[in-house]
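A.B. asks: next one to model:
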Amino acid sequence: MAGQLALQGGPRAVAEGLLQPWPYITDADRAAVAEVAAGGDISRQRTAQSQALAAEWAEFVGVRYCLPTCSGTAALHIALAAAGVEPGDEVICPAFTFWATAAAVLHQCAIPVFVDIDRESWNLDPALVEAAITTRTKALLPVHIHGLPANLGPLLEIAQRHGLALLEDACQAHGATWQGRPVGSIGAGAGFSTQMSKCLTTGSEGGLYVTDDEGMYLRGCHLQYFGEAVVPGKERDEQVYNARGLGWMYRGDVFGQAFCRSQLRRLRQSNATRAANAAALSARLQGLPGIETPVEPAGRTSSWYNYVLGVHPESLGIDLPPARFREAVMRALGAEGVPVHQWQRLPVPAQDIFQTKTGFGRGWPWSQVPDADYVYRGEDFPVATDFLARHFYVPGIWPPNDERWIEAVGVAFGKVWEQLDAVVAAAR
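C.D. replies: Modelled structure (predicted):
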């Protein structure tokens with residue numbers, strides 16, 4: 001017996017302070033940020049850091065062009081606009097993602113059309129996409145959720161067959177690969193986030209738009225900076241203050257970009273640590289009945305942004321709905337010192353904005369297509385709904401956490417699983 005559950009007053013399985021936070025900050029990161037402040041001329045540093053980050057990330061991904069932005073949402077918005085998505089166009093998105101995927105579509109005054117996810121990778125299900133295509137469809141926007149690439153092969157075929165742009169939401173997938181190719185280099189364009197929690201981070205907010213297409217890059221440049229044509233670093237000398245179209249202030253932050261460049265130098269090593277920790281944790285947990293560990297389908301490698309587990313109480317003979325069983329397990333593990341958490345609570349189309357369709361006001365952008373009746377119902381996406389009921393997230397696979405953390409998490413799970421009767425009784 002592993003001892004009394006912490007939930008019932010017993011000692012916790014995981015020592016306090018064992019879990020180390022992300023991002024993992026080194027002296028090299030601190031020096032990179034300090035160098036910006038020490039340079040004296042922040043204006044020059046802004047140009048230098050942005051251009052260097054753009055070149056380094058483009059090389060890492062294997063594309064010709066990169067534009068650093070202020071967020072992953074901004075990067076996705078640029079990708080959509082640069083691909084020619086216009087007001088009233090439809091863009092197909094997965095029903096399970098962070099809603100910024102769909103928000104970027106709305107920012108372009110286009111209309112998100114949602115498709116359910118598959119049960120293997122929890123990404124956009126290619127088998128359901130063609131049924132969602134209409135004469136207004138302009139693009140597919142698959143998400144590489146949790147750092148695992150979507151099933152891009154059939155999606156590329158669908159996009160080509162219907163003349164659609166395939167754009168990648170790679171916000172969680174820095175360094176992930178599909179068929180040996182880095183994500184972000186496969187579609188017409190892609191957006192990455194460098195928000196604080198991401199595998200590659202500014203330590204705060206930020207993003208990266210990438211493309212191999214010169215036209216999409218040049219359009220992105222206009223969109224990134226108020227619709228103007230500007231040579232970075234020569235704004236005062238060459239800027240004519242003539243907006244050629246609608247654009248935004250989507251530039252990133254100089255200190256964050258310096259931090260991000262430093263983090264990029266060890267991204268491969270960091271991702272390798274995540275992968276090793278994920279494999280070790282899965283090996284520890286796969287022997288526990290009723291647990292579903294994450295997978296990497298053939299031809300796809302994850303960046304392991306998140307480690308996600310599912311529970312199946314019915315396979316244990318436990319008469320509790322999956323969501324209630326998951327919540328009970330989460331409470332027990334939290335008491336043992338493993339701060340597991342839930343992420344999304346609803347399929348994106350079930351969120352309030354898609355129920356009210358207030359948008360920018362007066363029902364815009366939906367109201368611009370009066371001959372179409374867009375109805376969003378969470379129950380239309382059973383796989384996404386089931387995923388949300390069963391799954392939760394286990395932290396700490398990132399560096400500098402190592403086998404000590406994995407061992408402690410395994411012990412906590414073992415303790416809880418040995419006493420599931422007590423866990424269930426507490427839930428009742």
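A.B. asks: how close does Arg161 get to Pro154?
C.D. replies: Arg161 is 10 Å from Pro154, where distance means Cβ to Cβ, to the nearest Å. Every C-beta, even on glycine, is put in place using the N, C-alpha and C of the backbone.
A.B. asks: what do you get for Ala372?
C.D. replies: Counting by Cβ to Cβ, the gap from Ala372 to Pro154 is 26 Å.
A.B. asks: repeat that for Arg331.
C.D. replies: 40 Å.
A.B. asks: is it true that Arg331 touches Gln8?
C.D. replies: No - if you go by Cβ atoms under 8 Å, Arg331 and Gln8 don't touch, sitting 11.4 Å apart.
A.B. asks: helix or strand with the lowest mean pLDDT in the chain?
C.D. replies: helix 235-238 (a mean of 68; mean pLDDT, DSSP states H and E).
A.B. asks: so after that one, what's the next helix or strand?
C.D. replies: helix 254-264 (DSSP states H and E).
A.B. asks: tell me the helix or strand right after that following helix.
C.D. replies: Remark: after helix 254-264, the chain's next helix or strand is helix 267-285, criterion DSSP H and E.
A.B. asks: by how many degrees do that following helix and helix 254-264 diverge?
C.D. replies: 60 degrees (axes from the mean of the first three to the mean of the last three Cα atoms, to 10 degrees).
A.B. asks: packing partners of the helix or strand just after helix 267-285?
C.D. replies: Where DSSP H and E defines the elements, the next helix or strand beyond helix 267-285 is strand 291-292. The contact analysis (3 or more Cβ pairs under 8 Å, 6 or more residues apart in numbering; DSSP states H and E) places strand 291-292 against strand 308-311.
A.B. asks: sheet-wise, list the partners of the strand it packs on with their directions.
C.D. replies: Sheet pairing of strand 308-311 (DSSP bridges) gives strand 291-292 (antiparallel), strand 391-393 (antiparallel).
A.B. asks: now that strand: mean pLDDT?
C.D. replies: For strand 308-311, the mean pLDDT works out to 98.
A.B. asks: got the CA coordinates for that strand in CSV?
C.D. replies: Output in CSV follows, covering the C-alpha atoms of strand 308-311 (Å, rounded to 0.1, in the frame of the first residue of the first chain):
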residue,chain,number,x,y,z
VAL,A,308,-2.0,15.2,-22.1
LEU,A,309,-3.7,12.2,-20.5
GLY,A,310,-7.1,10.7,-20.9
VAL,A,311,-9.2,8.7,-18.5
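A.B. asks: show me what that strand is in contact with.
C.D. replies: 122, 146, 285, 290-294, 322, 325-326, 329, 387, 390-394 (Cβ atoms under 8 Å, 6 or more residues apart in numbering).
A.B. asks: Thr211 contacts Gly62, correct?
C.D. replies: No - Thr211 is not in contact with Gly62 according to Cβ under 8 Å; the separation is 11.9 Å.
A.B. asks: more neighbours, those two?
C.D. replies: Here Thr211 and Gly62 are compared on neighbour count by other Cβ atoms under 10 Å; more neighbours surround Thr211, at 28 against 13.
A.B. asks: residues contacting the more buried one?
C.D. replies: Here Thr211 is in contact with 63-65, 79, 82, 188-190, 217, 220 (Cβ under 8 Å, 6+ apart).
A.B. asks: show me how to select, in PyMOL, the buried members of these.
C.D. replies: Here is the PyMOL command that selects only those of these that count as buried (16 or more other Cβ atoms under 10 Å):
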select buried, resi 63+65+79+82+188+189+190+217+220
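A.B. asks: which of the contacts of Thr211 fall within strands?
C.D. replies: Of the contacts of Thr211, the ones assigned to strands by DSSP state E are 65, 189-190.
A.B. asks: could you measure from the residue most central in space within the chain over to Trp405?
C.D. replies: By Cα atoms, centre = their mean, the chain has its centre lying nearest to Gln172, at 3.2 Å. For Gln172, the distance to Trp405 equals 21 Å [Cβ to Cβ].
A.B. asks: circling back: more neighbours: Arg161 and Pro154, which one.
C.D. replies: In this view Arg161 and Pro154 are compared by other Cβ under 10 Å, and Pro154 has more residues nearby, 14 against 10.
A.B. asks: local confidence estimate at that one?
C.D. replies: Per-residue confidence (pLDDT) for Pro154: 98.
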